[in-house]
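> What follows is a predicted structure for the sequence shown.
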Amino acid sequence: WDVVSDARLKTELGPVENALDRLLRLRGVRFAYRSDVRPYGMELPTGEQIGFIAQEVQQVFPEWVNTSDDGILTIGERGTTALLVEALRELTVRNAVLEAQLRERDTALEARIAALERTRR
């Protein structure tokens, strides 16, 4: 798939914020489509599926949800890749902070242990 993405065609550029928190508000579900309905006259896939519930997605990302003329909700996950990249970036930053904190605690504990060993001698 292709999406028009040329910077020359865009305005109001800004960062994606709280990507991880927003993504974590979504709930992935296992499900099977009902066999007695055919939206748009199409055949729905059979067997177990994995995805989202449009009504739930609408609460977090209303711009992803569309309503057909007959009221059926569909999800067009616009921007998911960018959102996932930013969520990974947020996790990477959080991880780096935690690693730095652990290194500081390690250093402090090693210093305390060394001091205790010196006093025991």
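That came through, no problem. None of the values given here were measured: they were computed from a predicted structure.
> Any regions of the protein where pLDDT drops low?
1 (pLDDT under 70).
> Let me see the ranges of the helices in it.
For the chain, helices defined by DSSP state H occupy the ranges 19-24, 54-60, 80-120.
> Find the nearest non-adjacent residue to the residue nearest the centre of the chain, please.
For the chain, residue 23 is the residue whose C-alpha lies nearest the centre (C-alpha atoms, centre = their mean; 3.3 Å). Nearest non-adjacent residue to residue 23, counting by C-beta to C-beta, 6 or more residues apart in numbering: residue 87, 5.2 Å away. The C-beta positions use only the backbone N, C-alpha and C, and glycine is treated the same way.
> From what I see, that neighbour and residue 18 are in contact.
No - contact between residue 87 and residue 18 fails when scored by C-beta atoms under 8 Å: they sit 9.2 Å apart.
> Give me the more crowded residue out of these two.
Using other C-beta atoms under 10 Å, the more surrounded residue of residue 87 and residue 18 is residue 87, with 18 against 12.
> which residues touch that one?
Residue 87 makes contacts with 19-20, 23, as judged by C-beta atoms under 8 Å, 6 or more residues apart in numbering.
> Count the residues that sit near residue 52.
Neighbours around residue 52, by other C-beta under 10 Å: 19.
> Likewise for the one 5 residues further on?
Other residues near residue 57 come to 20 when the count uses other C-beta under 10 Å.
> Please report how far it lies from residue 44.
18 Å (C-beta to C-beta, to the nearest Å).
> and stretch 47-65, how far apart are its ends?
For stretch 47-65, the first and last residues are 24 Å from each other (C-alpha to C-alpha, to the nearest Å).
> Who are the contact partners of residue 39?
68, 70, 72.
> Go ahead and confirm the first one touches residue 54.
If I follow you right, that is residue 68. No - Residue 68 is beyond contact range of residue 54, at 10.9 Å (criterion: C-beta under 8 Å).
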